[in-house]
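1. Using only what follows, build the 3D model:
(one chain, ligands or ions: 2)
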Amino acid sequence: MQNAIYNELPELISDELIERVKKLSPAQLCDGMEKLGIPRSGCMDAALMPVDPDKLMIGTACTVDTMEGDNFPIHVAIYQGKPGYVLVIAGKAYMERAYLGDLMAGAAAAIGLNGLVVDGCVRDKHGLRDLPIPVYSRGFMQRSPAKIGPGRINTEVECAGIRVIPGDLVVGDYDGVTVIPRDMIEEVLAAAEAKDSYEVKRREDIAAYEKCKVEGTPLPNLAPGWVLDMLNKK
Ligand SMILES: O=C([O-])CC(=O)C(=O)O
Ligand SMILES: [Mg+2]
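-> Numbering: from 1, shown residues only. Ligands and ions are numbered 1, 2, ... in the order given. Below you'll find the model as predicted:
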């Protein structure tokens, strides 16, 4: 295994931070990152979608650097994985082979990993959907993975357009995958929680408008303040 760089797992993100993250959506976290000027607001490519949109994913990133469908380093990373981690597999958007299927994902689920993010293809769609672990990929390809090695584990990678450092926070839902740099989690959470409060207020305004419409009373303004400000500046 010459040239292999297989590093230890990073420290898990604290339960206290994870509990705050659970109350927010990836879209709100992205809005927080937009405010802070984080590249691409932490959003992986739109092509990376969940096998099952009903599964939510939150965890600490551990990474695999691989290419051309090679699943060897993914196997190694799965067996050294632990509960609380999401495996971020930087597969260079390779579409000619699957990187994994329901057997490898089943092993990851048995170990207790919180999710698998694959910058490339997977296979065994129905088997993956029936497992408890969330899986994200660019698509499906029935051709088997290659077995080459060595690859790299827990090094900085670029995955689906986003730089990921082991230990970053990874969040996924039906909209896609978002990565929050570990050293900015507190600031991103504060900005995302402010966006959440704004959204609560907007929903109240929309409900109030609908109520007036039903009751036939004068309609309040529905446009958000910032839209009116921009209109007035024109
Ligand atoms: O056989 C493989 O290497 C990949 C696969 O389909 C699975 O993990 O189920
Ligand atoms: Mg299979």
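2. can you pull out the helices in the protein?
-> In the chain, the segments counted as helices under DSSP state H are 15-22, 26-36, 72-79, 102-111, 125-130, 185-215, 225-233.
3. Tabulate those (JSON lines), appending mean pLDDT, distance to ligand 1 and mean neighbour count.
-> To be clear about C-beta, it is placed using only N, CA and C from the backbone, and glycine gets the same treatment. Formatted as JSON lines, the helices of the chain follow (pLDDT from 0 to 100; distance: least, C-beta to the nearest ligand atom, whole Å; neighbours: other C-beta atoms under 10 Å):
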{"stretch": "helix 15-22", "mean pLDDT": "97", "distance to ligand 1": "28", "mean neighbour count": "14"}
{"stretch": "helix 26-36", "mean pLDDT": "94", "distance to ligand 1": "27", "mean neighbour count": "21"}
{"stretch": "helix 72-79", "mean pLDDT": "98", "distance to ligand 1": "8", "mean neighbour count": "20"}
{"stretch": "helix 102-111", "mean pLDDT": "98", "distance to ligand 1": "3", "mean neighbour count": "19"}
{"stretch": "helix 125-130", "mean pLDDT": "98", "distance to ligand 1": "7", "mean neighbour count": "15"}
{"stretch": "helix 185-215", "mean pLDDT": "96", "distance to ligand 1": "32", "mean neighbour count": "14"}
{"stretch": "helix 225-233", "mean pLDDT": "92", "distance to ligand 1": "48", "mean neighbour count": "9"}
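4. Mind checking the ones you listed for the one nearest to residue 151?
-> helix 72-79 (2.8 Å; C-beta to C-beta).
5. would you turn the helices of the chain into a markdown table with distance to residue 158?
-> Compiled in a markdown table, those are given as follows (distance: least, C-beta to C-beta, whole Å):
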| stretch | distance to residue 158 |
| --- | --- |
| helix 15-22 | 23 |
| helix 26-36 | 17 |
| helix 72-79 | 16 |
| helix 102-111 | 22 |
| helix 125-130 | 24 |
| helix 185-215 | 20 |
| helix 225-233 | 34 |
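6. For ligand 2, which of those helices is the nearest?
-> For ligand 2, the closest of the helices of the chain is helix 102-111, at 5.0 Å, according to C-beta to the ion.
7. how does the protein divide into domains?
-> 5-188, 198-233 (automatic domain parsing).
8. can you give me the offset of the first one from its chain's centre?
-> It refers to domain 5-188. Its chain's C-alpha centre lies 7 Å from the corresponding centre of domain 5-188 when counted by C-alpha atoms, centre = their mean, to the nearest Å.
9. Please list all residues in contact with residue 114.
-> 57-59, 83-86, 133-134 (C-beta atoms under 8 Å, 6 or more residues apart in numbering).
10. Tell me which entries of the residues you listed lie within strands.
-> The strands, defined by DSSP state E, take in 57-59, 85-86 from the contacts of residue 114.
11. so how far is residue 84 from the closest residue to ligand 1 within the chain?
-> The nearest approach of the chain to ligand 1 comes at residue 101, 2.6 Å away (C-beta to the nearest ligand atom). Applying C-beta to C-beta, to the nearest Å, the value for residue 101 to residue 84 is 24 Å.
12. related to what we said a few turns ago, Provide a list of residues in contact with the residue of the chain closest to ligand 1.
-> 122-124, 127-128.
13. Among those residues, give me the pair with the biggest separation.
-> Farthest pair in the contacts of residue 101, by C-beta to C-beta: 122 and 127, 10.0 Å.
14. shared neighbours of the two, anything?
-> Shared contacts of residue 122 and residue 127 (C-beta under 8 Å, 6+ apart): 101, 105.
15. thought residue 124 was touching residue 104?
-> No: with contact defined as C-beta atoms under 8 Å, residue 124 and residue 104 do not form a contacting pair (9.3 Å).
16. residue nearest the centroid of the chain?
-> residue 177 (2.5 Å; C-alpha atoms, centre = their mean).
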